[in-house]
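Visitor: Sequence below, structure please.
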Amino acid sequence: MITTYKELKEWLKYEKQNYPMKLFDIVTRNQKYYNWKYLKLLRYCEYYRNSKNILLFPFYVCTRLRRNLLGKQIGIEIGENCCDKGLNIYHNGSIVINGNSKIGMNLKLHGCNCIGNLGEKNMKCPTIGNNVDFGVGAIAIGDIKIADGVTIGANATCVKDCLSKNTTLVGTPAKAIKKDNI
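Guide: Numbering: from 1, shown residues only. A predicted model of the protein is given here:
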């Protein structure tokens, strides 16, 4: 959770490495540019929200509005304070992360991902470890735990815990197919 301006700058510097851009990328406004812009607005929202300085509240409202408008355009909706540092969005479009989820460092999202609850059945959300990689269309829903280093294959639907580190999950419902010896 980002609470100081110094932490904000450290997180942004760390995450900027995931979005290397050349001048051509910036001028032509490719998706990497918009994904980075969204992530930056998300981190500023977290800082303004968590800051104890009440004078920053208007900045929070304005930044949140900008983030929500950009998110609507590019198809990304991520709750505040749920993703630790190192979030990497490869492709925008249909990415939803419920704000009640707890996600570790270096999450990788490849597009069309959902991390959330079961709706009216159960409002609890996933707890996801560090260095987890969600393939295109991968989903994690419900009150589940996913260990560090797990790779969730394309279109896999995780509805049960995966407590084995460095495992690959595939299918619907997702099942482990491989455990790396690390």
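Visitor: Could you tell me the per-residue confidence at the residue of the chain most remote from its centre?
Guide: Here the chain reaches farthest from its C-alpha mean at Leu55, the gap being 27.9 Å by Cα atoms, centre = their mean. Note for Leu55: predicted pLDDT of 95.
Visitor: which residues does it contact?
Guide: The contact partners of Leu55, by Cβ atoms under 8 Å, 6 or more residues apart in numbering, come to none. In this view, the C-beta of every residue, glycine as well, is placed from N, C-alpha and C.
Visitor: From Tyr48, how far out is it?
Guide: Going from Leu55 to Tyr48 by Cβ to Cβ, to the nearest Å gives 10 Å.
Visitor: same question, Ile115
Guide: 23 Å.
Visitor: List the buried residues of the lengthiest helix in the chain.
Guide: Assignment by DSSP state H gives helix 31-50 as the longest helix of the chain. Neighbour counts over helix 31-50 (16 or more other Cβ atoms under 10 Å) mark 32, 34-50 as buried.
Visitor: Kindly report the same for stretch 116-133.
Guide: Buried, per 16+ other Cβ under 10 Å, within stretch 116-133: 116-117, 125-133.
Visitor: Equivalent analysis for stretch 100-112, please.
Guide: In stretch 100-112, counting by 16+ other Cβ under 10 Å, buried: 101, 103-104, 106-112.
Visitor: Select from these the entry with the lowest predicted confidence.
Guide: Ranking the buried residues of stretch 100-112 by pLDDT, Gly111 lands last with 93.
Visitor: Surely that one touches Tyr90?
Guide: Yes. Gly111 is in contact with Tyr90 according to Cβ atoms under 8 Å; the separation is 6.5 Å.
Visitor: Nearest to Thr3, out of the buried residues of stretch 116-133: which one, please.
Guide: Nearest to Thr3 among these is Asn130, at 20.5 Å by Cβ to Cβ.
Visitor: where are the low-confidence patches of the protein?
Guide: 178-182 (pLDDT under 70).
Visitor: tell me the secondary structure for Tyr14?
Guide: helix (DSSP: H, G, I helix; E, B strand; the rest coil).
Visitor: For it, which non-adjacent residue is closest in space?
Guide: Using Cβ to Cβ, 6 or more residues apart in numbering and skipping residues adjacent in sequence, the residue nearest Tyr14 is Lys85, 5.5 Å away.
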